[in-house]
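Undergrad: How does the following fold in three dimensions:
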Amino acid sequence: MGTGLQMIGQSAVLRATSSADFRRRSASPSIAAWLLICCALLFAMILVGGITRLTHSGLSITEWQPISGILPPLDRAAWTEEFRKYQATPEYQLVNRGMSLPEFQSIFWWEYVHRLLGRLIGVVFFVPLFYFAVRRRLAADLILRLGGVLALGGVQGVLGWYMVQSGLVHDPRVSPLRLAAHLVLAFLILGSMLWTALTLLYPAKGEGPVTLRPLLRAALCLSGLILVMVASGALVAGLHAGLGYNTFPLMNGHWVPPEWLAIRPWYANFYSNVVTAQFDHRLVAWALMALTPWFWWRARSRSVPGGRARRALDLLLLALVVQVVLGISTLLLVVPVPLAAAHQGGAVLLFAASVNAAHALYRESSGRPAAG
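TA: Model (predicted):
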């Protein structure tokens, strides 16, 4: 009798476990779709953030009000008060003195939309996360991973205000280092969500060909190098370094410009010298232009299995070509806003393509990256 009851109990547990596993498996496409929507919103936010910077709109909102700031000024009195706050900033007094209210409104809206997108992403991420967790549609490790992404999103909001605050005192421009940190963190959040979504859509096959593991490590290194390129590009943007040396491939006749290390101490050049910022960005771009085709050729020559992996490699190479063309065009045409914004968007797509390629190789090679 006891044995029979025990068997019935074990059977019930197995059925419950199987039911829970089925719910998790069946929820995977919807969870992945939700994360991909969050990635698309974050891409839009990065793009609007680039336009905000290019139009010098980032310092137009002088206060950080995560809740009350959701509503923009709704009447002339509110607009006048918002403009009065801006008139007290160094940017107005040193750069935009005499600006009219309509001109202020044109820069205000870019920063407002940028912040509104940040709030929207927070809601679109948190509400489904809470729903899926309450309905037990998420495994424990996935809850922890997505909880970490949510925490990074909160840090990103604080970091964004910390960046803006640096331009509201004395020198009317944000700190290039804070700008770089803000942008790189956005890319890391996007990469985390994209990798998780791809894992839900394409679970690892298990042990695969050992020969693919070096390619996986190379793909992850390429993603890291693209992040370095993003950081160097943010320094170029923060220092307005793209407005000079508008020749390619040489910098006004030099491969290495003589002003490269003109500032003392020497290390200050890497975040204060406009020449160094542009030279470093070019250097990373040259490295990517050499390493990405080599990586593509090496992977192709090893006959990478799986149509997805081959398509991901081709997409990565295409994204690099497009980004290089956008970057050179932006430089030669002295940073027109539409082209420069497209260049920043291209960096997002290139990074996403590298994450996709790395994940495709990860799925084909093993369930985990091989140790060095």
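Undergrad: okay, CA-based contacts and neighbour counts for the rest of this
TA: Fine.
Undergrad: dump the residue contacts of the most centrally placed residue in the chain.
TA: Among the residues of the chain, F187 comes closest to the average C-alpha position under C-alpha atoms, centre = their mean, at 2.0 Å. Contact analysis of F187 by C-alpha atoms under 8 Å, 6 or more residues apart in numbering lists L227, V348, F351.
Undergrad: For the host helix or strand of the last one, which helices and strands make contact with it?
TA: What it means is F351. F351 is located in helix 337-365, with elements delineated by DSSP states H and E. Contact analysis of helix 337-365 by 3 or more C-alpha pairs under 8 Å, 6 or more residues apart in numbering; DSSP states H and E lists helix 2-54, helix 176-201, helix 213-238, helix 307-332 as its packing neighbours.
Undergrad: Please pick the buried ones from the contacts of F187.
TA: Neighbour counting with 16 or more other C-alpha atoms under 10 Å marks L227, V348, F351 as buried within these.
Undergrad: returning to what we had before: pLDDT added to the contacts of F187, as JSON lines?
TA: Shown next, in JSON lines, are those (pLDDT from 0 to 100):
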{"residue": "L227", "pLDDT": "97"}
{"residue": "V348", "pLDDT": "98"}
{"residue": "F351", "pLDDT": "98"}
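Undergrad: got a pLDDT number for F248?
TA: At F248, the model reports a pLDDT of 94.
Undergrad: just N96 next, same as before
TA: pLDDT recorded at N96 is 91.
Undergrad: Using the three-state scheme, assign it.
TA: Secondary structure state of N96, per DSSP: H, G, I helix; E, B strand; the rest coil, is coil.
Undergrad: and it, how far is that from S60?
TA: Going from N96 to S60 by C-alpha to C-alpha, to the nearest Å gives 11 Å.
Undergrad: which one of those two has more residues nearby?
TA: Between N96 and S60, counted using other C-alpha atoms under 10 Å, S60 has the larger neighbour count: 27 against 14.
Undergrad: Can you verify my assumption that the more buried one contacts F104?
TA: Yes - assessed by C-alpha atoms under 8 Å, S60 is found in contact with F104 at 7.5 Å.
Undergrad: quick one on the thing from earlier: now the helix holding F351 and helix 176-201, what's the angle there?
TA: 40 degrees (axes from the mean of the first three to the mean of the last three C-alpha atoms, to 10 degrees).
Undergrad: How far does helix 337-365 sit from its chain's centre?
TA: Taking the mean of its C-alpha atoms, helix 337-365 sits 9 Å from the chain's own mean (C-alpha atoms, centre = their mean, to the nearest Å).
Undergrad: Cool, thanks, signing off.
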